[in-house]
Every structure is written in structure tokens, then in C-alpha cells.
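> Sequence and predicted structure are below.
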Amino acid sequence: MMHPVYANLPVTIFEEMSGLARVHDAINLGQGFPDTSGPEAVRRKAAEEIVGGYNQYPPMRGLPDLRRAAAAHYARFQGLDLDWETEITITSGATEALAASFLALIKPGDEVVLFEPLYDAYLPLVRRAGGVPRFATLKPPHWRLDRDMLDAVFSDRTALVVMVNPVNPTGVVWRDEDLALLAQYCVAHDAVAICDEVWEQIVFDGRVFKPLMSFPGMRERTVKIGSAGKMFALTGWKVGFLCAAPELTKGLAGAHQFLTFSTAPPLQAAVAWGLENSADWFASMPLALARSRDRLTEGLRSVGYAVMPSEGTYFLNVDLAASGINEDDHSFCLRAVKEHGVASIPVSVFYETDPPRHIMRLCFAKRDETLDAAVERLGKARRG
Ligand code: GLN
């Protein structure tokens, strides 16, 4: 009856944990979303556009104003030279951009290199598109890759590599030498890289985000995916950027046109406006998030948790074993939400092979009082 990929597919951990958070009236540090509303001026612009603007089908590849604004944004922040007309497609969120990429670029039997821990949408989409996954596993505490790892997974059948930077769930920002190494393997194996860069605007402590597309040999073989939802703390908007050289974009836009065809034009117009008028926001947003990261880190440490460093994203991780907790991540996370009222994400769900079972992911993109209340409750959860 059903395609095997979907026959037994569980509901995503994000939906499961947010559901449990609602039932148990818990503080939700599981699914990654801020508990604030995003910049008011951008939301006002969307409201104006809904009332007085254009609300019929926009061009399939996206509003020209937004594609121009995205090209200008990536030129300003990342030094990229994207042509708005032939190299940028607007999607209904980054997940649609990922689906369009896999549908357009995977031929049945193609090998696809994936890094564990891996975001949960990748694997079902790769498998449904006919790809054969090959896993490279990054290990705590540093989560770095090396030549041996890449030698073991690249082959003459490698068609695609999927990477995320900064990394959800680990909070790592890829080092330049790791990006350069991956680029070398992509070029040597004539592989295309799908780069999930939705956290590109959220890096801390003076780090500079570098897109894989900017490395030697990668300009023509990279699909760069971005997210207005993450850029503007408006995760429900689902406006994504799908960027690639013209030949790739033809196929990607072909897949996009029969997935969603287009994305709500008032939201596109508001994002275009936001990209052009948010220099202050882009400077202040990561600083505010870094302060929230520090607040949650210090709070958790004060009640006995071993917190791992976070260099970007909305997330930090807790080493449960090093915190003296002898429970696996999944049962601890279930107990924390049901008995102590804090939802979190067990990191083992981000693995297909041999997961570590002692790491819990928490979202710190929350108000101070939310974080403080969560710390108090988690302090009790640690004591059993
Ligand atoms: N990206 C979000 C996270 O990692 C989840 C998004 C979703 O649930 N679709 O928490």
C-alpha cells in the first residue's frame, strides 16, 4: 500500500516533544524556535502586504524583489556573487528546498554521503528519492571530520554530499580546514554538495560563517540552502532560499514547481524588505542569543550539569553521563518533560548507526525567565 520509507516512519521527535510539552504544560526547550515574535517592522510589513499588497500566485521562482535582496544579502555577508535571476529560487522553507534538491539531483542508486549526527528530515528524503546513504560519524567532544572518515564513505558512485553548517544539533561551526577538506573530496569525486546553511546568521563569539560554495572548485557544484525563518526568528513563516549555479537551478526549480509551486507573496515581500532594512537586527540578534546561551549554560552548570560548548544555532548540548546521570537520553528526556515540565531533544535521534545515548539538546532561544524556570526544573530532574 505504502512506500516503505513512509510505512513505519515515526512522527518527528520535534512534533513528539512539542506535543508532550503541550500535554504536560512544560517549558519547551525541545523544538528549536524562539519564544519572542521576531522583528516587529518585518511583521508589520507582512501585515501591510496582506491587506494592501499582492496575494495571488507570485512567479514560481519567487518575487524578483526577494531574489534580488537575497543575492545582495549573500554578497554583503558572505562575499558571494549569486545572480538573482538564474541562481536563486524561493521555497516554502528550507525543508522544501532540501526535498527539491534530493528529488532533482538523486538518480536511483546514487550514493549520498551524510554526516551523523544528522537532521531527521534528510534520510527519509534521500531514501525516497532513491539515494543510497553512506554515513560518516562525527564524534564528541569535537565533532571534527578527517581524511580516514571521508576515504571510507566516498566512492566512484558518490553523487551528493549533505552537510549542515553551523551544525544542528551540536552547535559546531565548521572549521575552515574541514570545509576545505570536504571541498577537495567533492571535486575529486565530481560530487554535488547540498549545504543546509539555515543557521548561517547565528554564529557566536566573533566567528565568521563561510559558505562551502566559496571554496575552490565548489561554486558550480554547491546547492546552498538558507532560511528567512531562522534569519528573522520567524520559524513558522517557512520562506527558504535555494541557491545554485544556473544549470543546477534549472533542475531544482523544476522540482520546486511541482512541490509547492510558490510561497506566500506577502511573506516574501516582507522578507525582501527585512533583508534590506535589518542591519541592526543582524548585528544584535546573535549577540542576544549568545547571552541566552551563556545564561542557560551558567544556570545548568550551577545545578550540576555538564554543558558542551555551542558556537552557533539555537542549541546547546548537555552531557548526561558527565552530569552523573546514568539514564539513556531518551528516557531522561521523557522523564524531564513528563515529571519535571521541561521538553528537550535526545541527540540519539540524530543517528542512524551507533548513536551516543548520553547527550540532550536544549534550545536557548528563549526569554530569560523561561530559561531560569527551566534551569530550576532541570535541577530537580537531575536529582531524580
Ligand atoms: N529545525 C528545528 C529543530 O531542529 C525543527 C523544525 C521542525 O520541527 N520541522 O528543532
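Yep, it's here.
> Now the one residue sitting closest to the centre of the chain. Nearest residue, chain neighbours left out?
Centroid check for the chain by CA atoms, centre = their mean gives Val198 as the closest residue, at 4.8 Å. Nearest residue to Val198, sequence neighbours excluded (CB to CB, 6 or more residues apart in numbering): Ser227, at 3.8 Å. Where C-beta positions appear, they are placed from N, C-alpha and C, glycine not excepted.
> Distance-wise, check that neighbour relative to Leu252.
16 Å (CB to CB, to the nearest Å).
> I figured Pro141 was touching Asn317, is that so?
No - applying CB atoms under 8 Å as the test, Pro141 and Asn317 come out as separate, 9.7 Å apart.
> Of those two, give the one with the bigger neighbour count.
Asn317 (26 against 11; other CB atoms under 10 Å).
> residues near the closest residue to that one other than its chain neighbours, how many?
Closest residue to Asn317 apart from its sequence neighbours, by CB to CB, 6+ apart: Met308 at 4.4 Å. Neighbourhood size, Met308 [other CB under 10 Å]: 18.
> Could you check which residue of the stretch 201-350 of the chain lies nearest the ligand?
Closest approach between the stretch 201-350 of the chain and the ligand, counting by CB to the nearest ligand atom: Ile345, at 6.7 Å.
> SS state for the residue nearest to that residue when sequence neighbours are not counted?
Counting by CB to CB, 6+ apart, Ile345 lies nearest to Arg361, which is 4.2 Å off, once chain neighbours are set aside. When classified by DSSP: H, G, I helix; E, B strand; the rest coil, Arg361 comes out as strand.
> thought Arg361 was touching Val349?
No - Arg361 lies out of contact with Val349 (CB under 8 Å); the separation is 9.3 Å.
> So for the two, which sits in the more crowded spot?
Shown here are Arg361 and Val349; by other CB under 10 Å, Arg361 has more neighbours (29 against 21).
> so how far is the longest helix along the chain off the chain centroid?
Taking DSSP state H as the criterion, the chain has its longest helix at helix 279-302. Here helix 279-302 is found 18 Å from its chain centre; the criterion is CA atoms, centre = their mean, to the nearest Å.
> Could you point out the helix or strand that follows it?
Remark: after helix 279-302, the chain's next helix or strand is strand 306-307, criterion DSSP states H and E.
> who are the neighbours in contact with the residue in the stretch 101-250 of the chain positioned nearest to the ligand?
Proximity of the stretch 101-250 of the chain to the ligand (CB to the nearest ligand atom) peaks at Asn168, 5.0 Å away. Taking CB atoms under 8 Å, 6 or more residues apart in numbering, we find Asn168 in contact with Gly32, Tyr119, Val198, Trp199, Thr313, Phe315.
> mind listing what's buried in the one helix or strand in the chain whose mean pLDDT sits lowest?
Scoring the helices and strands of the chain by mean pLDDT, DSSP states H and E places helix 4-7 at the bottom, with a mean of 94. Within helix 4-7, no residue counts as buried by 16 or more other CB atoms under 10 Å.
> Please list the outside residues in contact with that helix.
With CB under 8 Å, 6+ apart as the criterion, helix 4-7 contacts Met1, Pro124, Arg127, Arg128.
> For the protein, just list every one of the strands.
Taking DSSP state E as the test, the strands found in the chain are 27-28, 88-91, 111-116, 132-137, 158-164, 192-196, 222-227, 240-243, 306-307, 315-319, 342-343, 345-346, 359-363.
> The second one vs the ligand: in contact?
The reference is to strand 88-91. No - using CB under 6 Å from any ligand atom, strand 88-91 stays clear of the ligand, with a minimum separation of 14.0 Å.
> How about the contacts made by Val132?
Gly109, Asp110, Glu111, Val112, Arg157.
> Scan the residues you listed and report the most crowded one.
Counting neighbours by other CB under 10 Å, the top entry in the contacts of Val132 is Val112, with 29 neighbours.
> Show me the beta-bridge partners of that one.
Per DSSP bridges, the residues bridged to Val112 are Pro133, Leu160.
> Give me the pLDDT value at it.
Per-residue confidence (pLDDT) for Val112: 98.
> Quick one, which of the contacts of helix 4-7 are buried?
Pro124, Arg127, Arg128.
> Residues of the protein that sit close to the ligand?
Thr12, Phe14, Gln31, Gly32, Asn168.
> got the contact list for the fourth one?
Listed by CB under 8 Å, 6+ apart, the contact set of Gly32 reads Phe14, Asn168, Thr235, Thr313, Tyr314, Phe315, Cys363, Ala365.
> Find the residue ranges of the stretch 251-384 of the chain scoring beneath the pLDDT cut-off.
384 (pLDDT under 70).
> could you redo the contacts of Val132 as JSON lines and give each row distance to Ser331?
What follows is the contacts of Val132, written out as JSON lines (distance: CB to CB, whole Å):
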{"residue": "Gly109", "distance to Ser331": "38"}
{"residue": "Asp110", "distance to Ser331": "37"}
{"residue": "Glu111", "distance to Ser331": "35"}
{"residue": "Val112", "distance to Ser331": "32"}
{"residue": "Arg157", "distance to Ser331": "39"}
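> tell me which of the residues you listed is nearest to Leu63?
Val112 (31.7 Å; CB to CB).
> right, and the closest one touches Phe135 too?
No - distance between Val112 and Phe135: 9.8 Å, which falls outside the contact criterion (CB under 8 Å).
> Show which residues not belonging to stretch 158-165 make contact with it.
The contact list for stretch 158-165 (CB under 8 Å, 6+ apart) reads 102, 105-107, 110-115, 118-119, 122, 126, 131, 134, 173-174, 179, 182, 185-186, 189, 191-200, 209, 212.
> which among these end up buried?
Applying 16+ other CB under 10 Å to the contacts of stretch 158-165 flags 102, 105-106, 110-115, 118-119, 122, 126, 131, 134, 173-174, 179, 182, 185-186, 189, 191-200, 209, 212 as buried.
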